[in-house]
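Enquirer: I'd like to go over a predicted model; first the sequence, then the structure.
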Amino acid sequence: MSEGAPRSLAETGERRHSVRRLADRVGETPLPEAVRDLRAILENATVGILFSKNRRLVQANPQFLQMFGFASVEEVIGQPGVILYPSQEAYEALGREAGPLLAAGKPFRGEIQMRRKDGTLFWCRLSAKAVNPQAPQEGTIWIMEDVTDERETAERLKQALADQETIFNNAAVGIMYVKERVVVRANRKLEELFGYGPGEMLGRSARDFHVSEESFLRLAELARETLWRGETFVTEWPAKRKDGSEFWVRLTGHREANAGERFDVVWIFEDITEQRSVQEELRRIHLELEQRVIERTAELSAANAKLQDQIFERMQAEQRIWHIAHHDALTGLPNRALLTDRLEQALAQATRSADRVAVMFLDLDRFKSINDTLGHEVGDELLKEIAQRLKGAVRAADTVARLGGDEFVVLLQDITDPEDAARVAEKIIAAFAPPVKIGPHELRSSTSIGIALFPEDGEDAYTLMRHADTAMYQAKRSGRNQFHFFSARLSESARRAFHIEHRLAAALEKGWLSLVYQPLIDYEARAVCGMEALLRWHDPEEGEIPPAEFIPIAEDSDLIQPLGEWVLRTALQQNRRWQEAGRPLVPVSVNLSPRQFRHRHLVDSIRAILAETGQPARLLELEITESTLAHDVETARARLEELAGLGVRLAIDDFGTGYSNLLALKRFPVDKLKIDRSFVRDLCEDPEDAAIVAAIVGLARGLGLDMLAEGVETAAQRDALIALGCRRFHGYLFARPQPAAQEAAIFAPAGL
Ligand code: C2E
Ligand code: MG
Ligand code: MG
């Protein structure tokens, strides 16, 4: 061994002595036993023990042998110490290091590499002590431990630590190890994140990195429980850099498991400022979107509200339209459509309940005349008033409808016998009795009512309406202001009148109407002095329908107006044609019905037709029956004045039958009296008729009027009339009424 260079190998001989000395130190045991003990110690020691003297190996224990790979102690004893070292240099280096210490009596300790017998090296912990520092030749005791494993472990540990350190310092996240709230470790990344220089964070309080004391405490509070449970606490939290600026981090904390009661935590910091700003941006966009959705929703709900309003308005409009479509605009009463509806419902219900239903058809008597004379405004007012009276006369459940014009229908439900309907009809007629005051006019109106009953008079709405209409017609025919039940035994005349009214429109439209002309004779002059236009209706199915039959019927409908105008125009046109053909210039006579005469547009209409046909007024003679004039003398006179003003000639037709007020006659601006045919017919036999004719002749002379006898059929009648002073005639004796084509018969009558 290396007890220093001066030592010699002669030390080997001192082995026995040294062991004894060793035994001496162990105790005062008798020698043999002490040796035995020592051997036991040496042999069982877990460390290698070597005794060297003068740089040679003197003794070694089994552990040493094993450590160095020697088979027996004999292999070792006497060998130079250098064999245990990797090289001569290593041996000498150790000698230089250990020598002085050993010489000074101090132990030497060290860890060096040593060499086994097979040359392999291993790490060995050495501890050496000189047996006697004053006498180095007495040898040195070496205690050796193979620390290869230990060193390798330490090496590995060191490497691991280095690795960890590398990881720690190169981690992409900030890592902070906090012990008792004080930072004990902080990696580079952490320092970068917080803007500190290397090591600057160490020793600082964790709260230095928080934006405020409060923020720090709150985080501690939040994290405490999770961390104590040993779980990982994760949150996002604001942090503060060295320069005071704030930023957001994701914090992941884990409590150090071996910290016992201490609260040591490893925190990982990730800068999420950018993420946060992205999130912030996303949130902002989201909020903006939400705001927009809210706004849009508000817009939509406003639009929806508007739509609701519109729907409501539309519904109201529809209701209005429905109301308009189902009601009469003038009176507000249900119209035909609604009536039909209600009637059908009533019939369905009555069928179930076995009750009766009454349909009453009403037509105002002479309403058309009022309309013609006083105008539609007055007529409308009258209709409104009548509508009210009708409604007042029936129960609320009954329906009063207006079909148009002056036609009303009353629908009575739940009646049990015809008497009920009769009572209502009487009530209605009574309701018409009080005069209606409209402006300056006090109008009297009445109604004719036709009643049809379900089920006896018809099973369906249409039939019932038709039958009620027919019954109404009968009521009118038999004198107005009364009611009639429909009956299958309706008089033939009423039925026919009803039929004719419905057919007349077709006749006018289809040209089934024509005019015939009958000359008026100036017997003194033996000349034709005029001609009367008479209306003819040749119906392709019914044959001839005489004017006396259909004219009154036309009067009750609105057809009289167009019909009258047609006659006027046709007659004037015909007369013009004759004039153009060189026929004598004679006036044409046209009959005016009472309603025509009273119509307020009569004068305008005549003036227009005269202009249209290019006929002078004096070539038109208008015949108005005496009864027409007798009705309302003052109005009649005013109307006659108007017509006279036009320049047309005026004749009173059928004179002698209408109980004329003779005083009034004096004031009428008429030109001619036409003695009614009835007086002429029996003139020769009946002296009373002769007297009347004589009186009329006298009257006409007195008033300076022309005079003409109608219906002269015989020469005897003619002569009798001549004898009474009448010189103008018209009758079959001279000519029958002829179609215009029969010119010769008209202008050169056979009887002249
Ligand atoms: P009216 O105005 O008194 O006409 C005379 C009627 O006596 C005519 O009958 C004519 O054909 C008829 N008549 C003429 N001579 C004789 C005769 O010798 N013997 C007999 N038995 N009859 C004779 P018509 O054409 O049937 O007309 C009847 C009435 O109808 C007319 O009576 C007139 O009031 C009315 N009428 C005819 N055409 C029109 C018209 O265009 N408009 C109006 N409003 N009424 C008309
Ligand atoms: Mg006439
Ligand atoms: Mg006449």
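Expert: Great, that's in hand. Ligands and ions are numbered 1, 2, ... in the order given.

Enquirer: neighbours around A103, how many?
Expert: A count of neighbours around A103, defined by other CB atoms under 10 Å, yields 15. Where C-beta positions appear, they are placed from N, C-alpha and C, glycine not excepted.

Enquirer: start and end of stretch 351-371, how far apart?
Expert: Start-to-end span of stretch 351-371 (CA to CA, to the nearest Å) is 41 Å.

Enquirer: could you do stretch 539-557 as well?
Expert: 19 Å.

Enquirer: show me the contacts for S557.
Expert: Counting by CB atoms under 8 Å, 6 or more residues apart in numbering, S557 touches K368, E501, L504, A505.

Enquirer: recalculate using a threshold of 6 Å.
Expert: The contact partners of S557, by CB atoms under 6 Å, 6 or more residues apart in numbering, come to E501.

Enquirer: tell me how far it lies from K476.
Expert: To K476, S557 is 11 Å away according to CB to CB, to the nearest Å.

Enquirer: ok, L568 next?
Expert: L568 is 27 Å from K476, by CB to CB.

Enquirer: return the set of buried residues in stretch 717-724.
Expert: Judged by neighbour count using 16 or more other CB atoms under 10 Å, the buried positions of stretch 717-724 are Q717, R718, A720, L721, L724.

Enquirer: for the fourth one, which non-adjacent residue is closest in space?
Expert: Translated: L721. A709 (4.9 Å; CB to CB, 6 or more residues apart in numbering).

Enquirer: and that neighbour, what is it in contact with?
Expert: I675, V680, L721, C726, F729.

Enquirer: for the residue nearest to the spatial centre of the chain, pull up the helix or strand it's in.
Expert: Nearest to the geometric centre of the chain sits L307, at 5.7 Å (CA atoms, centre = their mean). Using DSSP states H and E, L307 maps to helix 273-326.

Enquirer: then V424?
Expert: Element membership for V424, per DSSP H and E: helix 418-432.

Enquirer: that helix - contacts with which helices or strands?
Expert: For helix 418-432, the elements it packs on are helix 376-393, strand 407-415, strand 446-454, judged by 3 or more CB pairs under 6 Å, 6 or more residues apart in numbering; DSSP states H and E.

Enquirer: the next helix or strand after the longest one to helix 376-393, inter-axis angle?
Expert: If I follow you right, that is helix 376-393. Downstream of helix 376-393, the next assigned helix or strand under DSSP H and E is strand 399-404. Calculated by axes from the mean of the first three to the mean of the last three CA atoms, to 10 degrees, strand 399-404 forms an angle of 160 degrees with helix 376-393.

Enquirer: could you list the paired strands of strand 399-404 along with their orientation?
Expert: According to DSSP bridges, strand 399-404 forms sheet pairs with strand 407-415 (antiparallel).

Enquirer: got the angle for the partner strand vs strand 446-454?
Expert: In terms of direction (the same axes, to 10 degrees), strand 407-415 departs from strand 446-454 by 40 degrees.

Enquirer: any low-confidence regions in this protein?
Expert: 1-31, 259, 488-494, 659-660 (pLDDT under 70).

Enquirer: who in it is up against ligand 1?
Expert: Within the chain, the positions adjacent to ligand 1 are 518, 534-535, 546-548, 551, 567, 591-593, 623, 653-654, 677, 710-713, 731-732, 737 by CB under 6 Å from any ligand atom.

Enquirer: rerun that using 5 Å as the cut-off
Expert: Neighbours of ligand 1 within the chain, by CB under 5 Å from any ligand atom: 534-535, 546-548, 551, 567, 591, 593, 711, 713, 731-732, 737.

Enquirer: which among the residues you listed end up buried?
Expert: L534, L535, P547, I551, V567, N591, S593, G711, G731, P737.

Enquirer: give the contact list for the first one.
Expert: Remark: with contacts taken as CB under 6 Å, 6+ apart, L534 is in contact with V516, P737.

Enquirer: the same query, at a cut-off of 8 Å, please.
Expert: Listed by CB under 8 Å, 6+ apart, the contact set of L534 reads L515, V516, Y517, Q518, P547, N591, P737.

Enquirer: S627 contacts T657, doesn't it?
Expert: Yes - with contact defined as CB atoms under 8 Å, S627 counts as touching T657 (6.9 Å).

Enquirer: which parts of the lengthiest strand in the chain are buried?
Expert: Of all the elements of type strand in the chain, the one with the most residues (DSSP state E) is strand 527-539. Buried residues in strand 527-539, counted by 16+ other CB under 10 Å: V528, C529, G530, M531, E532, A533, L534, L535, W537, D539.

Enquirer: for ligand 2, tell me which of those show up nearby.
Expert: Subset of the buried residues of strand 527-539 in contact with ligand 2: empty, counting by CB under 5 Å from the ion.

Enquirer: farthest-separated two in these?
Expert: Greatest spatial distance in those: C529 and D539, 33.1 Å, computed using CB to CB.

Enquirer: ok, Q388 - contacts?
Expert: Q388 neighbours (CB under 8 Å, 6+ apart): none.

Enquirer: what sits against the spatially closest residue to L620 that is not a sequence neighbour?
Expert: Leaving aside its chain neighbours, L620 sits nearest to V648 (4.7 Å; criterion: CB to CB, 6+ apart). With contacts defined as CB under 8 Å, 6+ apart, V648 is in contact with I606, L610, A617, R618, L620, E621, L622.

Enquirer: got those as TSV, with neighbour count columns?
Expert: As requested, the contacts of V648 are exported to TSV (neighbours: other CB atoms under 10 Å):
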residue	neighbour count
I606	24
L610	20
A617	16
R618	13
L620	25
E621	23
L622	25
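
Enquirer: need those in a markdown table with distance to ligand 3, can you?
Expert: A markdown table is the format used below for the contacts of V648 (distance: CB to the ion, whole Å):
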| residue | distance to ligand 3 |
| --- | --- |
| I606 | 20 |
| L610 | 23 |
| A617 | 22 |
| R618 | 22 |
| L620 | 17 |
| E621 | 13 |
| L622 | 13 |
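
Enquirer: nearest to ligand 1, of those residues?
Expert: Ligand 1 has its nearest neighbour among the contacts of V648 in L622, at 9.9 Å by CB to the nearest ligand atom.

Enquirer: hmm, who's touching the strand or helix carrying the closest one?
Expert: Taking DSSP H and E as the definition, L622 sits inside strand 620-625. By CB under 8 Å, 6+ apart, the residues outside strand 620-625 that reach it are 530, 532, 568, 572, 587-592, 594, 597, 606, 610, 640, 643, 648-654, 657-658, 671-672, 674.
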